[in-house]
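In: Here is a sequence with its predicted model. Questions after.
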Amino acid sequence: MHRLFTLMLLTVATFMMVCWGSYSYTSHFSKAFLSDDLRDLPDQKVALMLGTSFRGSNGTINRYFKYRLDAALELYKAGKAQYILVSGDNSEENYNEPRAMRDALVKNGVPVDKVILDYAGFRTLDSMVRAKEVFGVTNVIVVSQKFHNERAIYLGRKNDINAFGYNARDVDGAEGSRSKFREIGARVKMMLDIYVLHTQPKFLGEPVIIP
């Protein structure tokens, strides 16, 4: 019994070290490429807005969506990006993140021909790799919350994408805490995807030319 208890403690301790190491290393790696200030970012042809649901669990607009939208609009209107690539989940008939992002951007003044849709951004890994392999994007400003941008930048740069991140306003309260807790597991999974499993996007497909 004593040996079993000791083994359990060692297993838990090892897992916690792996989680903490993955989280902290990702943040440290990406720090130099992230900014809350538009003036710190280089001008790019494309900004990549990462998807999330339009509505939250309570039926109101999802604050993650709203704040990412605000940040993407700031980038475009400041001339930091000529096109906005919106990448998200479209796996169900009545759930379409890219279309919701496009409609919101167009409603707020972005010409429809300046919004490029990626319907197969099922995961952040898919969004980053597809940006390069399908849409030919090798230089990009990623738009999401800081904790998410850190992981996206890591994924992008490990796939030879010159990626920078513009941090959207974060979400506070219980909703924000839940997302940051899930991010711990997401970073462990990312490390496994890159270095062990060599995971590829669910779909690639024919190249799409951004004018």
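Out: Yep, it's here.
In: which regions of the protein sit below the pLDDT cut-off?
Out: Within the chain, the stretches with pLDDT under 70 are 1-16, 18.
In: where along it do the strands fall?
Out: With DSSP state E as the criterion, the chain has strands at 34-35, 44-50, 81-87, 115-118, 139-145, 162-168.
In: Any idea which of these gets closest to C19?
Out: Smallest distance to C19 across these (Cβ to Cβ): 19.5 Å, for strand 139-145. For every residue, glycine as well, the C-beta is placed using N, CA and C.
In: Tell me which strands the closest one pairs with, and in which orientation.
Out: Under the criterion DSSP bridges, strand 139-145 sits next to strand 44-50 (parallel), strand 162-168 (parallel) in its sheet.
In: Now render those as CSV, adding distance to R178 and mean neighbour count.
Out: CSV is the format used below for these (distance: least, Cβ to Cβ, whole Å; neighbours: other Cβ atoms under 10 Å):
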stretch, distance to R178, mean neighbour count
strand 44-50, 18, 25
strand 162-168, 17, 24
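In: closest one to I209 among the ones you listed?
Out: Checking the strands paired with strand 139-145 against I209 by Cβ to Cβ gives strand 44-50 as the closest, at 12.1 Å.
In: residues making contact with that closest one?
Out: The contact list for strand 44-50 (Cβ atoms under 8 Å, 6 or more residues apart in numbering) reads 68-69, 72, 75-76, 80-88, 101, 105, 116, 121, 124, 127-128, 131, 135, 137, 139-144, 148, 152, 164, 166, 210.
In: Relative to K202, which of the strands paired with strand 139-145 is closest?
Out: strand 44-50 (15.9 Å).
In: how much does the closest one deviate in direction from strand 81-87?
Out: Going by axes from the mean of the first three to the mean of the last three Cα atoms, to 10 degrees, strand 44-50 is angled at 30 degrees with respect to strand 81-87.
In: CA atoms only: put strand 44-50 into CSV for me.
Out: Output of strand 44-50 as CSV, limited to C-alpha atoms (Å, rounded to 0.1, in the frame of the first residue of the first chain):
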residue,chain,number,x,y,z
GLN,A,44,1.4,42.6,-42.4
LYS,A,45,-0.7,41.6,-45.3
VAL,A,46,-2.9,39.2,-43.2
ALA,A,47,-4.3,39.1,-39.7
LEU,A,48,-5.6,35.8,-38.5
MET,A,49,-8.6,36.0,-36.2
LEU,A,50,-9.0,32.8,-34.3
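In: Could you check how far I141 is from E92?
Out: 29 Å (Cβ to Cβ, to the nearest Å).
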